[in-house]
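Asker: coords please:
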Amino acid sequence: HSNQITLIPIALGNLNKLRYINFENNPIKSPRDDVLKQGGDAVIEYLKKLYHSAVTSGLELCHASLRHFPLETCTVPALHSLILDDNQLEVLPSELMVLTSLTLLSAQRNVLRKVSVECGMLTSLVRLLLNDNQLSSIPLSFGRAKNLQEIDLQNNQAWSTPPPEVVMQGSSIIISYLLQYGDAFVSHRLKLQAMRLVCC
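Answerer: Next up is the predicted model:
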């Protein structure tokens, strides 16, 4: 209370008997204000989930009233599963690229408008769930995720990348489309046969 603390350590999440925390009148930058404004109980719960994610390799922050991507997740590079459903996130930022062990990334039912191109570095992805947002494009660099098995882009804005005629054909065609671009980054040859593309 009334100090110059800028960061609340994630390690506090290991204090099982922690019931109260007062961080008022401190210039705290981590966690961000969308977490802090929910009060001490919410901050303690947030810290506990982050701390234990290092053990379980999974983190679920659903219905957490998040407006900003929780950058603290990037301090847990061994995460395999990150679920951020039902928040108010607008951007999946470039910092996500450090979570190279992710096999599941879910940000369903947010207000996403942008997925940073660096997110294509998540080459271990198996499932990518971005339905019910406000996206019109995702990075073609997701084609580098050779193990991608499921992608959900339903109920977003009018698509430009991938094109709408690809998106409307569902997960398997979207994945094929992205993988063709992933191969093209290496071979410098792009093959889009059987995609039912509409020429302008």
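Asker: buried set for the helix or strand containing residue 41?
Answerer: With secondary structure defined by DSSP states H and E, residue 41 is part of helix 40-56. Buried residues in helix 40-56, counting neighbours by 16 or more other CB atoms under 10 Å, are found at 42-44, 46-51, 53-54. For glycine as for every other residue, the C-beta is placed from the backbone atoms N, C-alpha and C.
Asker: Can I get those in CSV including distance to residue 166 and pLDDT?
Answerer: CSV is the format used below for those (distance: CB to CB, whole Å; pLDDT from 0 to 100):
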residue, distance to residue 166, pLDDT
42, 40, 87
43, 42, 84
44, 44, 85
46, 37, 89
47, 41, 88
48, 41, 92
49, 36, 91
50, 36, 91
51, 41, 89
53, 34, 93
54, 38, 88
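Asker: Just flag the most distant two among those.
Answerer: 42 and 54 (20.1 Å; CB to CB).
Asker: just the strands in the protein please.
Answerer: 58-60, 81-83, 91-92, 104-106, 114-115, 127-129, 150-152 (DSSP state E).
Asker: would you list these in CSV and tack on mean neighbour count and mean pLDDT?
Answerer: Output for those, formatted as CSV (neighbours: other CB atoms under 10 Å; pLDDT from 0 to 100):
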stretch, mean neighbour count, mean pLDDT
strand 58-60, 17, 96
strand 81-83, 19, 97
strand 91-92, 20, 97
strand 104-106, 19, 98
strand 114-115, 20, 96
strand 127-129, 21, 98
strand 150-152, 19, 97
